[in-house]
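**Student:** Sequence and computational prediction follow.
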Amino acid sequence: MDGGPYEITRPTLDILASAPWTNGNVRELRNCLRAMTELHVNKQLTPASIPNYIWKELDSVEGEAPEDTSDLDDVEEKTVSSSGQVR
């Protein structure tokens, strides 16, 4: 992908692994990852990078949306803090 390489954080990988991937194909995952690169934080793909449509699919599977999706600044702050990086 352009601008890479990117690193995907463990929490992000866990979230993506729990997504239903209703179309069930690699193309859907690739498109998701490409969209995520637009919202990277220092070349890291974080939960804040996950497109809203994935959160909505997770919501339909789990019954409630993750609380962090409403404010991407908070998600970024938590992710950067937990990775030990300084802004």
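**Tutor:** Great, that's in hand. Residues are numbered from 1 along each chain as shown.
**Student:** Run through the bridge partners of Gln44.
**Tutor:** Beta-bridge partners for Gln44, by DSSP bridges, are Glu7, Val41.
**Student:** Now do the helices in the protein.
**Tutor:** Ranges of helices in the chain, per DSSP state H, are 10-18, 26-37, 52-62, 72-83.
**Student:** so which of the ones you listed gets nearest Gln44?
**Tutor:** Closest to Gln44 of the helices of the chain is helix 72-83 (CB to CB; 7.1 Å). The way it works is simple: take the backbone N, C-alpha and C, and place the C-beta from them, glycine included.
**Student:** Now the closest one: average pLDDT?
**Tutor:** Mean pLDDT, helix 72-83: 60.
**Student:** repeat for stretch 31-51
**Tutor:** The average pLDDT within stretch 31-51 is 92.
**Student:** just to revisit the earlier point, name the stretch from the helices of the chain that approaches Asp2 most closely.
**Tutor:** helix 26-37 (7.5 Å).
**Student:** Show me what that closest one is in contact with.
**Tutor:** For helix 26-37, the surrounding residues in contact (CB atoms under 8 Å, 6 or more residues apart in numbering) are 1-4, 6, 12, 16, 21-22, 45, 49-51, 54.
**Student:** Now do the same contact list for Lys43.
**Tutor:** Lys43 neighbours (CB under 8 Å, 6+ apart): 3-7.
**Student:** follow-up on the earlier one: among the contacts of helix 26-37, which two are most distant?
**Tutor:** The two members of those with the most space between them (CB to CB) are Gly3 and Thr22, at 28.1 Å.
**Student:** Can you get me a residue count around Thr12?
**Tutor:** By other CB atoms under 10 Å, the residues close to Thr12 number 19.
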